[in-house]
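Engineer: one predicted model, sequence on top.
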Amino acid sequence: MLIGYYGKTLSTMKKKLLKDTSWKSETKLELEDILMLTELCMEGNFFEYKQMYFEQLERAAMGSQISPCFSEFLMQDLEESLIPSMISDRLLLAYFRYLDDIFSIAKRSELPQILAKLNSYHPEIQFTHETMENSKLPFLDAMTEVKEDFHLRFSIHRKPTNTNKYLDFRSNHPTCHKLSVVDTLVNRAIKICDEETLDTELTHIKNVLMMNNYPKTLIEKRIDRMKILLNDPNLTQKNQRQDSEIIRRVAIPYTGKVSIAIGQAIKRTSDTKICYRLVNKISTMLSNNKQITKDQIGVYKLNCNDCPMIYIGESGRDIHIRAKEHMNDIRLAKPTSSPFSHIQEFPSHHFSPNNIVLLEEERRRFPRKFKESLQILKSSNYNCNKEEGIRISPIWTAPWLKNMKPP
């Protein structure tokens, strides 16, 4: 059962889905099924670190596809509950939101009251604020400035950590990727900047891209192209229609001229849009966010939780996999299992998969079997092994056992 704002969000989802039933034409699931699956997705946030498993108990998991939708339900409920009254009471003179970022206009003296009201919605949902300084206020990529005549000026906002580093034109990437860098920066500038700041921003883009080895003539051509594209309503509507259409796409690994030739051949013979994906990137060679652990293979001991008795074994796989198999043998009451036989003799005793310890790493099969037998002999007074492993001549065991530490 989800608690806290999880539970509140689920109740909000139920209320909205009951009110608007248009979703029923998209799925055969019932409302209770949707709520149950949502709860299952929000509860099932597990991750592994250093061979231990953890569960996220609070907050929506970052990177989860359902988290933005889940949060949006909550924000909509907050807005419906609080914002209309705050606007009617003139606490907020304007209110705009993009996901979890809010732009609002209010009197500075009213800020404490506004924050207190927003933070009263739920104890786990707390807001912070940023006020205008030197008549400027950043919001997302836009910098809003109040001029002396109280009109607004808009320009591009860059964080102090911005390095002006973009995809280098000399890098081994498809040309379309490099052109998209120019187009994206110009598109943002034209849509955000006003007439007073646009030329300055375009000059900045040109200088920065030239620092990243883009040809000046190419940059100027792309700027002119984007101006025509964004200022012509017919072209804009055509692009919007194309975006809404279902287009077949093929992603080709980019290796240079060969990939371009293959892509052009596909274009000539079919109505397919070609995309290129990179392989063998430097980032994948130098860094790996996935946890890499070396399998623990060799001779191990499994400790009883309730007495000094141990079980000695060997495995050519990771010993933690073997520990899980021992737990299954105990659960299934397998008579051939030595740990289960110990529990039969002492019903109150238990074995845990976390109580397995690697005694000696050994990846070769026969040496591993040999060392297992030595460890069984060394711990013969306090192990629960039914078998002694492979038979070893006393001529060999005597000197080995004399110098071995007890497991």
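Structural biologist: Nice, I can see it.

Engineer: with only the CA atoms kept, save stretch 68-80 in PDB.
Structural biologist: Backbone C-alpha positions of stretch 68-80 (Å, rounded to 0.1, in the frame of the first residue of the first chain) are rendered in PDB as follows:
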ATOM      1  CA  PRO A  68       7.000  12.300 -14.900                       C
ATOM      2  CA  CYS A  69       3.400  11.200 -15.500                       C
ATOM      3  CA  PHE A  70       2.900  10.300 -11.900                       C
ATOM      4  CA  SER A  71       4.300  13.700 -10.800                       C
ATOM      5  CA  GLU A  72       2.100  15.500 -13.300                       C
ATOM      6  CA  PHE A  73      -1.100  14.100 -11.800                       C
ATOM      7  CA  LEU A  74       0.000  15.500  -8.400                       C
ATOM      8  CA  MET A  75       1.000  18.900  -9.800                       C
ATOM      9  CA  GLN A  76      -2.400  19.200 -11.600                       C
ATOM     10  CA  ASP A  77      -4.200  18.400  -8.300                       C
ATOM     11  CA  LEU A  78      -2.100  21.000  -6.500                       C
ATOM     12  CA  GLU A  79      -3.000  23.600  -9.100                       C
ATOM     13  CA  GLU A  80      -6.700  22.800  -9.000                       C
END
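
Engineer: pLDDT of that stretch, averaged?
Structural biologist: For stretch 68-80, the mean pLDDT works out to 87.

Engineer: please enumerate the helices of this structure.
Structural biologist: 4-19, 31-43, 67-88, 111-119, 175-192, 195-211, 216-231, 233-244, 257-269, 282-286, 319-331, 338-345, 365-378, 394-403 (DSSP state H).

Engineer: I356: which of those helices is closest?
Structural biologist: helix 319-331 (4.3 Å; C-beta to C-beta). For glycine as for every other residue, the C-beta is placed from the backbone atoms N, C-alpha and C.

Engineer: spatially central residue in the protein, please.
Structural biologist: In the chain, the centroid-proximal residue (C-alpha atoms, centre = their mean) is G63; its distance is 3.1 Å.

Engineer: run a quick neighbour tally on C307.
Structural biologist: 13 (other C-beta atoms under 10 Å).

Engineer: from T197, how far out is it?
Structural biologist: Using C-beta to C-beta, to the nearest Å, we find C307 at a distance of 78 Å from T197.

Engineer: now do the longest strand seen in the chain: distance to the chain's middle.
Structural biologist: Assignment by DSSP state E gives strand 351-361 as the longest strand of the chain. From the chain centre to the centre of strand 351-361 is a distance of 32 Å (C-alpha atoms, centre = their mean, to the nearest Å).

Engineer: then stretch 333-352?
Structural biologist: Its chain's C-alpha centre and that of stretch 333-352 lie 42 Å apart, by C-alpha atoms, centre = their mean.

Engineer: now the end-to-end length of that stretch.
Structural biologist: 15 Å (C-alpha to C-alpha, to the nearest Å).

Engineer: quick one: list the elements packing against the longest strand of the chain.
Structural biologist: Helices and strands touching strand 351-361, as assessed by 3 or more C-beta pairs under 8 Å, 6 or more residues apart in numbering; DSSP states H and E, comprise strand 298-304, helix 319-331, helix 338-345, helix 365-378.
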